[in-house]
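Asker: Below is the structure, and that's it, no one-letter string:
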């Protein structure tokens, strides 16, 4: 590494080839530890926009490539590792610390909003957009 540009390129390569893939498979406890040291690992960038977005990207139906956080625009079916399923719209504001919150409309006449979660990222087996 001879120049500053080489250093910058090396850092970008590390983020793309090591840090992002790690976030996509790390368990919740490790993600929380990483969040505490995020400034040392990733620099002065918001962990919600990077660490947690990359972590949730293990479920492509939950994220939009160009936007931070979980994507609230599509209803999803979340299948838990115990076989249980939940359906709703991800709530980006309430989804934090590796715990997903879904909002759905009850089928009764009042059309009230119901909340499901928080659901740990470690409990989720699959997410599909509906």
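Answerer: Right, received. Where do you want to start? These figures come from a predicted structure and were not determined experimentally.
Asker: and residue 25, which of the three is it?
Answerer: Using DSSP: H, G, I helix; E, B strand; the rest coil, the structure places residue 25 in coil.
Asker: number of nearby residues for it?
Answerer: Neighbours of residue 25 under the rule other C-beta atoms under 10 Å: 9. C-beta: built from backbone N, CA, C; applies to glycine.
Asker: That one against residue 58, yeah?
Answerer: Yes. Using C-beta atoms under 8 Å, residue 25 is in contact with residue 58, at 6.4 Å.
Asker: mind listing what's buried in stretch 70-88?
Answerer: 70, 71, 72, 75, 76, 78, 86, 88 (16 or more other C-beta atoms under 10 Å).
Asker: From residue 105, how far off is the residue nearest the centre of the chain?
Answerer: The chain has residue 56 as the residue nearest its centroid, 2.3 Å off, counting by C-alpha atoms, centre = their mean. From residue 56 across to residue 105, the span is 23 Å (C-beta to C-beta, to the nearest Å).
Asker: Same question for residue 96.
Answerer: With distances taken as C-beta to C-beta, residue 96 is found 23 Å from residue 105.
Asker: next one: residue 12
Answerer: Distance of residue 12 to residue 105, computed by C-beta to C-beta: 43 Å.
Asker: So the two - more neighbours on which side?
Answerer: Set residue 12 next to residue 105 and count neighbours by other C-beta under 10 Å: residue 105 wins out with 13 against 10.
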